[in-house]
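**Q** what follows is a protein structure lacking sequence information:
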Ligand SMILES: [Zn+2]
């Protein structure tokens, strides 16, 4: 085994230029899903790339951007099947003047490569392909069947993915899934993330007058801003608790395993206190409360607007007010159910005039921390990186984990070449070449050892 591991390292090193060339060609396609650019080109490129690796690959239609599906076919159905979830779409590159090199020209400097999508998510995809090549070269073949699902709408909240997975359960059937992102924390410890939160995103709109009015009439004319503030005030208490009846009915909180894992996690408390200049966290959270609070759903005002917001004073009664709110949800909360409860709550509180529009919804899902696939991934991460892996039961953000857990039932882990300097979604997005090699090695080890378990 030791021989094989150094051979893996040598292969990954010697074929690095090939992988970076694949990455250069893929990042040259500006596949920005929010603008609908470069979508077909990127999907075809990924299909051709996987076909070139001997996969049976095809571009499949959805209600939105197409999905690339590929199957290595190894050993039929007798071996465990690993499903890799990735996406070929990227965020817009703007603002362009903040880039030090053109966003769609892969540029190398100081041990990193720069381009839009190089980390999120094209480098992750290329790293997995590099791992497959290395395993085939070193072990004479893949010891298991590998499938890829590479979607084109991840950066616009994956609106077509749930229906695609539900309709293609048999095609996508797998024993385990490697998630699209993965990497190391600020101390270089590899992170294995087991769950993401869900979301309900709404917009509130209230109109009290047909047009703005002179505030000399404020004793008679109703103010939309006050109306909205009073409505919002019924949604969340000062301690952060959401006041919508039934909002917590499905919430179970962390399991004992989750609590054990979180006890071993490094905390971002000190960093966030410093970075954001926080005097006191929500509800006084500190130490373990600070870490476990991710299992509490939230109601966040993401934007609010009404009336005069320009320089100096203007004495006006706003006719219209609006706010946007994202509720981050935990496992078993259903955004559709909560949306209905929110409407009912506002009606019962006397705010039937406050319109609520649903802008998006996704459910949360988690993989149990004691799943053998999680344990294997974490053990290999610790060996490859030479530092103990951090297993994070639930992170605060949202991704389309739910259909994978609900329809395919696979455990999900994260691994890959991301790091805290990657600047995903921002100008000068980058990937560390060293992190690429480590992430590729980790993936290759997982392919070898997971395949050997059958
Ligand atoms: Zn992204």
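**A** Sure, I can see it. A quick note: this is a predicted structure, and the numbers were derived from the prediction, not measured.
**Q** tell me what the longest helix anywhere in the chain is packed against?
**A** Counting by DSSP state H, the longest helix found in the chain is helix 433-452. Packed against helix 433-452 by the contact rule (3 or more CB pairs under 8 Å, 6 or more residues apart in numbering; DSSP states H and E) you find helix 2-14, helix 16-27, strand 81-87, helix 122-139, strand 176-178, strand 183-184, helix 372-385. Just so you know, the C-beta spots here come from the backbone N, C-alpha and C atoms, and that holds for glycine as well.
**Q** what's the first helix or strand after the second one?
**A** Heading C-terminal from helix 16-27, the first helix or strand you meet, by DSSP states H and E, is helix 39-52.
**Q** what's that next one in contact with?
**A** Identification of contacts with helix 39-52 by CB atoms under 8 Å, 6 or more residues apart in numbering yields 22, 25-26, 29, 31, 33, 57-59, 65-68, 70, 88-89, 125, 129, 148, 150, 152.
**Q** so for it, what's the average pLDDT?
**A** Helix 39-52 shows a mean pLDDT of 98.
**Q** please apply the same query to stretch 271-278.
**A** Across stretch 271-278, pLDDT averages out at 92.
**Q** try stretch 151-170
**A** 96.
**Q** contacting residues around that stretch?
**A** With CB under 8 Å, 6+ apart as the contact definition, stretch 151-170 has outside contacts at 31-34, 39, 42-43, 60, 62-69, 85-91, 121, 149, 172, 180, 360, 362, 399-400, 402-404, 407-408.
**Q** who's in contact with residue 188?
**A** 385, 387.
**Q** wait, a helix at it?
**A** No - Residue 188: not assigned to a helix; according to DSSP: H, G, I helix; E, B strand; the rest coil it is coil.
**Q** distance-wise, check residue 239 relative to residue 281.
**A** Between residue 239 and residue 281 the computed distance is 12 Å (CB to CB, to the nearest Å).
**Q** more neighbours, those two?
**A** The neighbour comparison of residue 239 against residue 281 (other CB atoms under 10 Å) goes to residue 281, with 16 against 8.
**Q** identify the residues contacting the nearest residue to residue 333 once chain neighbours are set aside.
**A** Nearest non-adjacent residue to residue 333, counting by CB to CB, 6 or more residues apart in numbering: residue 250, 5.0 Å away. Residues in contact with residue 250 (CB under 8 Å, 6+ apart) are 332, 333, 334.
**Q** distance of the first one relative to residue 299?
**A** Using CB to CB, we find residue 332 at a distance of 17 Å from residue 299.
**Q** what does the second one give?
**A** In this structure, residue 333 lies at 12 Å from residue 299, with CB to CB as the measure.
**Q** got it, and residue 125?
**A** For residue 125 relative to residue 299 (CB to CB), the value is 35 Å.
**Q** can you mark which positions in the longest helix of the chain are buried?
**A** Neighbour counts over helix 433-452 (16 or more other CB atoms under 10 Å) mark 433, 435-448, 450-451 as buried.
**Q** can you state the direction angle for it and helix 372-385?
**A** Relative orientation of helix 433-452 versus helix 372-385 (axes from the mean of the first three to the mean of the last three CA atoms, to 10 degrees): 140 degrees.
**Q** centre of the chain to helix 433-452, how far?
**A** 21 Å (CA atoms, centre = their mean, to the nearest Å).
**Q** what average pLDDT does that helix get?
**A** On average, helix 433-452 scores 95.
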